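In: coordinates only, sequence not included:
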């Protein structure tokens, strides 16, 4: 990673691979934020399991990109809301990679509807994937963290869990009650796990993306009119890219942030500053 100094000369911010020797599992990693995060983990030196539930060809392309950095990667199909599939996925990862050091619980979806028209199936599907899926993945990863313990030459922590939340863990979202409820649940689950697991050397944190250019919200940014409306909500005056989230995930997973525990990092261009009140409301 480089930045340009005031005199124009590039300066290395991190002149070493932040995650060298570590093993990362990224769920929902064949597109969008998950894909960018899996690639960034590989670029930072980690071996990566690319989880997906559909779209094997896309997942294999992500694997190819990651291995170009000289690290290992493999694709694994699993529905994170299915307990048996999650157990099998982590077991395979430990069997082939030796362990797991980092979990990015990213897999998520939307099933939108006005509240009175939302079906029980829509409610359950979103909670099952967005919240229960994170619980299952975190539980299985934690079992391996505790079995292995801290390996100081790899990381100061026994393990790192990054829960992918949303600005909608704090911003209500009419027409998306299932999604907002799932993300509010992610916040409290993350904080509770952080409290419980910190004494065991396991760091649990979350990232709350704002508006990011991904397939899940294409309608919100893919036309000039939609983009203009969206930018009214973003003080920083740009829509985020998946790499904005990926870079935050690499930082949180690294020992550079070893004292960060139980925190939600909002990566939202200022959306949670409630820009509608910028002129006094």
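Out: Arrived safely, thanks for sending. These numbers were taken from a predicted model, which means no experiment stands behind them.
In: Wasn't residue 280 part of a helix?
Out: No - assessed by DSSP: H, G, I helix; E, B strand; the rest coil, residue 280 does not belong to a helix; its assignment is coil.
In: Number of residues surrounding it?
Out: 4 (other CB atoms under 10 Å). (Each C-beta comes from the backbone N, C-alpha and C, glycine too.)
In: I figured residue 180 was touching residue 167, is that so?
Out: No - proximity of residue 180 to residue 167 does not meet the contact threshold set by CB atoms under 8 Å, at 9.8 Å.
In: how about the helices of the stretch 51-200 of the chain, start to end?
Out: When secondary structure is read from DSSP state H, counting those that start in this stretch, the stretch 51-200 of the chain shows helices at 56-67, 83-97, 120-127, 133-148, 177-197.
In: which one of these is the most hemmed in?
Out: Of all the helices of the stretch 51-200 of the chain, helix 133-148 carries the top mean neighbour count, a mean of 21, counting by mean count of other CB atoms under 10 Å.
In: Show me what that helix is packed up against.
Out: Here helix 133-148 touches helix 83-97, strand 102-105, strand 159-164, helix 177-197, strand 202-209, going by 3 or more CB pairs under 8 Å, 6 or more residues apart in numbering; DSSP states H and E.
In: export those to JSON lines and tack on mean pLDDT and distance to residue 262?
Out: Listed next are these as JSON lines, based on pLDDT from 0 to 100; distance: least, CB to CB, whole Å:
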{"stretch": "helix 83-97", "mean pLDDT": "98", "distance to residue 262": "23"}
{"stretch": "strand 102-105", "mean pLDDT": "98", "distance to residue 262": "15"}
{"stretch": "strand 159-164", "mean pLDDT": "98", "distance to residue 262": "11"}
{"stretch": "helix 177-197", "mean pLDDT": "98", "distance to residue 262": "3"}
{"stretch": "strand 202-209", "mean pLDDT": "98", "distance to residue 262": "7"}
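In: CSV please, covering those and showing distance to residue 275.
Out: As requested, these are arranged in CSV below (distance: least, CB to CB, whole Å):
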stretch, distance to residue 275
helix 83-97, 39
strand 102-105, 29
strand 159-164, 23
helix 177-197, 19
strand 202-209, 16
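In: The nearest residue to residue 278 once chain neighbours are set aside: how many residues sit nearby?
Out: Counting by CB to CB, 6 or more residues apart in numbering, the nearest residue to residue 278 once its immediate chain neighbours are dropped is residue 235, at 7.2 Å. Applying the criterion other CB under 10 Å, we find 15 residues in the vicinity of residue 235.
In: cool, residue 37 as well?
Out: By other CB under 10 Å, 30 other residues sit near residue 37.
In: Can you give me the distance of it to residue 31?
Out: Look at residue 37 and residue 31: by CB to CB, to the nearest Å, they are 11 Å apart.
In: How about the contacts made by the nearest residue to residue 22 once chain neighbours are set aside?
Out: Ranked by CB to CB, 6+ apart and with sequence neighbours excluded, the top spatial neighbour of residue 22 is residue 101, at 4.0 Å. Applying CB atoms under 8 Å, 6 or more residues apart in numbering, we find residue 101 in contact with 19, 22-24, 46, 154-155, 159-160.
In: rerun that using 7 Å as the cut-off
Out: 22-24, 154-155, 159-160 (CB atoms under 7 Å, 6 or more residues apart in numbering).
In: Highest neighbour count among these?
Out: The most crowded member of those, judged by other CB under 10 Å, is residue 24 (33 neighbours).
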